[in-house]
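Visitor: My questions are about this predicted structure, shown below with the sequence.
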Amino acid sequence: QVRLVESGGGLVQAGGDLGLSCVASGRAFSDAYMAWFRQAPGQEREFVAALSLSTGNRGYANSVKGRCTISRDSAKNTLYLQMSDLKPEDTAVYYCAAGTLYSTVWSEYRYRGQGTQVTVSS
């Protein structure tokens, strides 16, 4: 079993930057894709970004494109999401996920974290 633990959330002012981390632990990690999702109060969980661990290819939601960067440190088994120019509408719980296929659908990732809260004040 693989465990994913997110950290780095917090309160930030609009226009500010924030970096999230997701550490994977447990059995040997062989999944090919990792991703970030987010869920704002009263809204559906939505895709933010995904990374192919083999090719390095990245995909981003239009809402964050140009403001977010997904990356990974394989030696640390850690996935990152660097966010800049944050907006109040970025307020959400951010989750990381890992799976064997590229997907923008949360349920298609077999390993999923518990989330970290990001709050952007105006």
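Guide: Received, thanks. Keep in mind that what you see is a predicted model, and the values were worked out from it rather than measured. Numbering: from 1, shown residues only.

Visitor: For the most centrally placed residue in the chain, which non-adjacent residue is spatially closest?
Guide: Nearest to the geometric centre of the chain sits Trp36, at 2.3 Å (C-alpha atoms, centre = their mean). Distances taken as C-beta to C-beta, 6 or more residues apart in numbering put Val48 closest to Trp36, at 4.2 Å, once the chain neighbours are dropped. For glycine as for every other residue, the C-beta is placed from the backbone atoms N, C-alpha and C.

Visitor: how near is that neighbour to Val120?
Guide: 14 Å (C-beta to C-beta, to the nearest Å).

Visitor: Neighbour count: those two, which is higher?
Guide: Val48 (25 against 20; other C-beta atoms under 10 Å).

Visitor: Check the secondary structure at the more buried one for me.
Guide: strand (DSSP: H, G, I helix; E, B strand; the rest coil).

Visitor: That one reaches Ala61, doesn't it?
Guide: Yes - between Val48 and Ala61 a contact is recorded at 5.5 Å, counting by C-beta atoms under 8 Å.

Visitor: Could you pull up the mean pLDDT of stretch 87-94?
Guide: Averaging pLDDT along stretch 87-94 gives 97.

Visitor: in that stretch, what counts as buried?
Guide: In terms of neighbour count (16 or more other C-beta atoms under 10 Å), stretch 87-94 has its buried residues at 90-94.

Visitor: quick one: low-confidence parts of this protein?
Guide: Within the chain, the stretches with pLDDT under 70 are 27-30.
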